[in-house]
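Engineer: Fold the following.
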Amino acid sequence: MDLVKVSKQRLQVIRDDEWISLLTEVSSFCTTHDIPILNMDEIFVVSGRPRCNTQQNTNLHHYRVELFYTVTDMQLQELNNHFLEANTDLLLCMACLNPSNSFVAFDKEKLIRLAKFYPYNFLGTYILALDSQLQNYIFDMHGNDLFLEFQGVNELAEKLVNTGKHETYPLVYLLVKLALTLPIATATVERNFSTMKYIKNELRNRRASHLLQEPPTTITKLLTT
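Structural biologist: Prediction:
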């Protein structure tokens, strides 16, 4: 999450302060390799279109505003959409299950907060039981050599089952399962939405193509209704 924060700050600095340095670097590259350099004060012309049909913007406006600013804004928006405050909190809480370095990331309060993200799995009384289980669990993990060399939550889950401790600490094991399931569930939902968008676009294109083949009276009737 620190790297996400740094990436967002870096993108913002690039957007606000580094256009001139980018333009200078590109111009230097073009000069070195004998590539023609556009006059940034001239009107931008879309290749293959008459000048009269283009919007009267300069090359500078097109490359700085319509491309450079747009791309950096899209990347910032992408990060903001994926790492909302609630998502960030959820990921930071999930990280407390990491068994690396003898469970150095363990934080009981954050794991209880993680459980509260799943009210259907952890009812009020379960939260109290989880508090007790977490205290016993971390003492058990620190005192058991079988659990000191793991590098990921998936290895932890496997060993909990192999040693039967998933039955000793069922609520802790439920947290582990939820942590392993979340990335897969999120990716599945995103793929489903992408598929739905693709299908909707295909249907819209087919409908538009079908309308173009209809007699003019039919199209007029459809539009008026």
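
Engineer: From His142, how far out is the most centrally placed residue in the chain?
Structural biologist: Compute the mean C-alpha point of the chain, and by Cα atoms, centre = their mean the closest residue is His82, 3.5 Å away. According to Cβ to Cβ, to the nearest Å, His82 stands 34 Å off from His142. Where you see a C-beta, it was placed from the backbone N, CA and C, and this is true even at glycine.

Engineer: Likewise for Glu167?
Structural biologist: Counting by Cβ to Cβ - Glu167 and His142 are separated by 20 Å.

Engineer: repeat for Arg10
Structural biologist: Noted for Arg10: a distance of 38 Å to His142, by Cβ to Cβ.

Engineer: one step back: need the pLDDT of the residue nearest to the centre of the chain.
Structural biologist: Looking at His82, its pLDDT is 81.

Engineer: got it, and the one 3 residues further on?
Structural biologist: According to the predicted model, the pLDDT of Glu85 comes to 78.

Engineer: what residues are up against it?
Structural biologist: When contacts are counted by Cβ atoms under 8 Å, 6 or more residues apart in numbering, Glu85 touches no other residue.

Engineer: Over to the one 5 residues further on?
Structural biologist: Residues counted as contacts of Leu90 (Cβ under 8 Å, 6+ apart) are Leu114, Phe117, Leu182.

Engineer: try 7 Å this time
Structural biologist: Contacts here follow Cβ atoms under 7 Å, 6 or more residues apart in numbering; on that basis Leu90 touches Phe117.

Engineer: Which positions in stretch 84-97 come out as buried?
Structural biologist: Buried positions in stretch 84-97, judged by neighbour count with 16 or more other Cβ atoms under 10 Å: Leu90, Leu91, Cys93, Met94, Ala95, Cys96, Leu97.

Engineer: Now flag whichever of the residues you listed is closest to Leu60.
Structural biologist: Leu91 (40.3 Å; Cβ to Cβ).

Engineer: How about that closest one, nearest residue that isn't a chain neighbour?
Structural biologist: Of all residues not flanking Leu91 in the chain, Met1 sits nearest, at 6.3 Å (Cβ to Cβ, 6 or more residues apart in numbering).

Engineer: How much space separates that neighbour from Met94?
Structural biologist: For Met1 relative to Met94 (Cβ to Cβ), the value is 11 Å.

Engineer: which residue sits closest to Val4, ignoring its sequence neighbours?
Structural biologist: Phe83 (5.4 Å).

Engineer: Do I have it right that that neighbour meets Asp2?
Structural biologist: No - distance between Phe83 and Asp2: 11.7 Å, which falls outside the contact criterion (Cβ atoms under 7 Å).

Engineer: Which of these two has more residues huddled nearby?
Structural biologist: The residue with more neighbours, out of Phe83 and Asp2, is Phe83; 16 against 6, by other Cβ atoms under 10 Å.

Engineer: Can you tell me how far the more buried one is from Cys93?
Structural biologist: 14 Å.

Engineer: which residues are contacting stretch 26-35?
Structural biologist: Residues contacting stretch 26-35 (Cβ under 7 Å, 6+ apart): Ile37.

Engineer: Pull out the buried positions in it.
Structural biologist: Across stretch 26-35, burial judged by 16+ other Cβ under 10 Å covers no residue at all.
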